[in-house]
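Asker: Need the 3D shape of this:
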Amino acid sequence: MTTVTVGCSSNDDPEQLNTREPETAAVSPDAVVTPAGVVADPRFGPAGTVDALTVEPSTRTVAVLTDDGTTLTLADPAGDGSPRIVRLSAAGTSVSPGRDGEVLVTTPDGIVRVNVESGESTDVPVDGGAASAIVWDDGYAVGTLTGTVVILSADGSVDSTVPGQASVDALVRAGDELVSLDTRQTSVTAVDVDAERLGEALRAGDGATRMTGCANGAIVVADTTDDELLIFTGDDLIMRQRFPVPGSPFAVACSDDGTVWITATALNEVIGFDISSGMPVESARFPTVRQPDSLAVDSQSGDLFVGSNTGAGVQVIPTRT
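Answerer: Next up is the predicted model:
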């Protein structure tokens, strides 16, 4: 475990940090095994390239970003109706749960709040553009493309900013702090929102790409370069577990029962791990669509939603029998 020195003052220049080009998912081979579950289910619209997806847990709505980030499809996997289509004012780069009944889309201009029932959208501008966004108290925490964490109030005004990273590509709440993922520094960093400063930072392998938080407090990171699954805790930022996952691990998701799911794009597979024992134990493995770059899980049903970045659409995998 390596501690990374990260500047904490407002004078830090992200261009002077020791960075690398962010790692990307390995190119998948042609699928030779039939994908599990259902592929290109019409409930999620026609098959196409998926840029990102998430599950809004209170309504169980699946939000799928397509058409180079310009279209958001909102689907009820438990229903049989047509999906709702939202045209975005700017191309989205990621989608994540917001408040109950809401998802957040990041764009180069800021964030878009989308009501999953009505499809109504509200643009919230953020200087530096948005790479990540989560709910924070009555407002939102936004990670910018230029390395600043921006805390927004409920009306979208800026409450505070914490600069000093190269990019803020994912955010997870850890108690009264945030933990951020910087893919250009391939590190995770504690962010003290009240003090408006960065805390401890740890190296996250040689090419971290995706991060998510679990209900049990675990923070899961895919180290795509080193073929590893990394598990951190955030109250005191510590790497608790690291485990080899061959096949270019990339997209990550965590169900409320503690199962960590991760795609291996070089294998066209998604793998489940039980991390409760202190060492990840593989609990399931399913063949996927080609280029499984997006992943989400419905904790109520256990269904996995895998998004193909090569045109195969959304794959639904039931994990409970």
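Asker: Is residue 159 part of a helix or strand, or is it coil?
Answerer: strand (DSSP: H, G, I helix; E, B strand; the rest coil).
Asker: if I read this right, it contacts residue 152, doesn't it?
Answerer: Yes. Under the criterion of CB atoms under 8 Å, residue 159 makes contact with residue 152 at 6.6 Å. The C-beta positions use only the backbone N, C-alpha and C, and glycine is treated the same way.
Asker: so what's in contact with those two at the same time?
Answerer: Shared contacts of residue 159 and residue 152, defined by CB atoms under 8 Å, 6 or more residues apart in numbering, comprise residue 139.
Asker: which one of those two has more residues nearby?
Answerer: Each of residue 159 and residue 152 has its neighbours counted (other CB atoms under 10 Å); residue 152 has more, 21 against 17.
Asker: Residue 141: which element?
Answerer: In this structure, residue 141 sits in strand 139-144 according to DSSP states H and E.
Asker: Whichever helix or strand comes after that strand pairs with which strands, parallel or anti?
Answerer: Downstream of strand 139-144, the first helix or strand assigned by DSSP H and E is strand 149-152. Partner strands for strand 149-152, per DSSP bridges, with pairing direction: strand 139-144 (antiparallel), strand 158-162 (antiparallel).
Asker: contact partners of strand 149-152?
Answerer: So strand 149-152 is contacted by 124, 126-128, 136, 139-144, 158-163, 165, 168, 171, 178, 180, 191, 193 (CB under 8 Å, 6+ apart).
Asker: swap in stretch 308-321?
Answerer: Contacts for stretch 308-321 (CB under 8 Å, 6+ apart): 25, 28, 35-41, 44-51, 53, 62, 64, 77, 270, 272, 284, 286, 288-294, 301-307.
Asker: Separate out the buried members of those residues.
Answerer: 25, 28, 35-37, 39-41, 44-45, 47-51, 53, 62, 64, 77, 270, 272, 286, 288-294, 301-307 (16 or more other CB atoms under 10 Å).
Asker: in the stretch 1-150 of the chain, which ranges drop under the pLDDT threshold?
Answerer: Counting by pLDDT under 70, the ranges of the stretch 1-150 of the chain that qualify are 1-15.
Asker: mind listing the strands for it?
Answerer: Secondary structure of the stretch 1-150 of the chain, counting by DSSP state E, counting those that start in this stretch: strands at 38-39, 50-56, 61-66, 71-75, 84-87, 94-97, 102-107, 110-115, 121-125, 130-136, 139-144, 149-152.
Asker: Make TSV from those strands and add distance to residue 218 to it.
Answerer: As requested, these are exported to TSV (distance: least, CB to CB, whole Å):
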stretch	distance to residue 218
strand 38-39	29
strand 50-56	18
strand 61-66	23
strand 71-75	28
strand 84-87	32
strand 94-97	17
strand 102-107	22
strand 110-115	26
strand 121-125	29
strand 130-136	16
strand 139-144	19
strand 149-152	21
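Asker: For residue 184, find the nearest of those.
Answerer: Closest approach to residue 184 among the strands of the stretch 1-150 of the chain (CB to CB): strand 130-136, 10.5 Å.
Asker: orientation of the closest one relative to strand 102-107 in degrees?
Answerer: 160 degrees (axes from the mean of the first three to the mean of the last three CA atoms, to 10 degrees).
Asker: just the strands in the stretch 201-321 of the chain please.
Answerer: Using DSSP E, counting those that start in this stretch, strands in the stretch 201-321 of the chain cover 208-213, 218-223, 228-233, 238-244, 249-254, 259-264, 269-274, 281-287, 292-297, 304-308, 314-317.
Asker: about what we covered before: ok, and what's touching the strand holding residue 141?
Answerer: 98, 104, 106, 110-111, 124, 126-135, 149-154, 156, 159, 167-171, 173, 178, 180, 193.
Asker: Same check on stretch 110-123?
Answerer: Residues contacting stretch 110-123 (CB under 8 Å, 6+ apart): 56, 59, 61, 63, 72, 74, 84-86, 88-90, 92, 98, 101-105, 109, 124-126, 129-130, 133, 140, 142.
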